[in-house]
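Asker: show me how the following folds:
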Amino acid sequence: MMYYSPLFLSEKPKNGRIKIHGGTLFDYYFVIDRKWNGKQRTNFITQQYLEGLLALIEEYKNDKHMKIRGTSYIINERTAEKMGFKIMQTDFLQKTILLYNYFNVLISNSIAKNKLAFPNLNKTKTFEADISQILEKKEFIEKLNKSLKNTIANSMNL
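Answerer: Here you go, the predicted structure:
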């Protein structure tokens, strides 16, 4: 596993594909500021995902056919598509892994929302894109990342 930001990691490439993941329960516990409200936490998590994605595509920018695949119940389809991802059918094994780890997912989601928050695993989606497709959307991702950084900074100054 390789961290690209404190809340974004990936597996080593295998068969032309990189599987990406959000941070672990421990990452959420130790990285997210306990003073933040749910919105601040969600913004920070999303910003860290974007930061990690930008670092990942920078590392693999010359391998344009490398595929990136991730599964999430958080990211909405419209945003994923704006970043160059296509929605794929989530395979049975991935759903089983999420179900098996439901307690950890519940705690992570609750930390993110700053309240008890049951994740809706029915909203689980798998996203996939070639590096080249994401590179085409790099400017959009950078703007979104910068906007979230500013939002986080401004909310801390209130």
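
Asker: against which helices or strands is the biggest helix by length in the chain packed?
Answerer: Longest helix in the chain by number of residues, with DSSP state H as the criterion: helix 38-59. Packed against helix 38-59, as judged by 3 or more C-beta pairs under 8 Å, 6 or more residues apart in numbering; DSSP states H and E, are the following elements: strand 2-5, strand 8-10, strand 17-22, strand 67-72, helix 102-113, helix 131-136, helix 138-156. From N, CA and C alone the C-beta is placed, and that goes for glycine too.

Asker: I'd like those as a markdown table, with distance to Phe44 and mean pLDDT appended.
Answerer: Shown next, in a markdown table, are those (distance: least, C-beta to C-beta, whole Å; pLDDT from 0 to 100):
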| stretch | distance to Phe44 | mean pLDDT |
| --- | --- | --- |
| strand 2-5 | 11 | 97 |
| strand 8-10 | 12 | 97 |
| strand 17-22 | 12 | 96 |
| strand 67-72 | 16 | 94 |
| helix 102-113 | 9 | 94 |
| helix 131-136 | 22 | 96 |
| helix 138-156 | 6 | 94 |
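
Asker: rebuild the ones you listed as TSV, extending it with distance to Leu121.
Answerer: Rendered in TSV, the data for the helices and strands packed on helix 38-59 read as follows (distance: least, C-beta to C-beta, whole Å):
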stretch	distance to Leu121
strand 2-5	24
strand 8-10	21
strand 17-22	14
strand 67-72	10
helix 102-113	7
helix 131-136	26
helix 138-156	25
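
Asker: bridge partners for Lys67, pull those for me.
Answerer: On DSSP bridges, the residues paired with Lys67 through beta bridges are Arg17, Asp130.

Asker: how many residues are close by Asp33?
Answerer: With neighbours defined by other C-beta atoms under 10 Å, the count for Asp33 comes to 10.

Asker: give the helix, strand or coil label for it.
Answerer: Of the three states, Asp33 takes coil under DSSP: H, G, I helix; E, B strand; the rest coil.

Asker: dump the residue contacts of Tyr115.
Answerer: No Tyr there; residue 115 is Lys. If a contact means C-beta atoms under 8 Å, 6 or more residues apart in numbering, then Lys115 has Gly38 as its contacts.

Asker: for it, give its distance to Met1.
Answerer: Counting by C-beta to C-beta, to the nearest Å, the separation of Lys115 from Met1 is 29 Å.

Asker: just say which of the helices and strands packed on helix 38-59 is most tucked in.
Answerer: For the helices and strands packed on helix 38-59, the stretch with the most neighbours on average is strand 8-10, a mean of 22; neighbours defined as mean count of other C-beta atoms under 10 Å.
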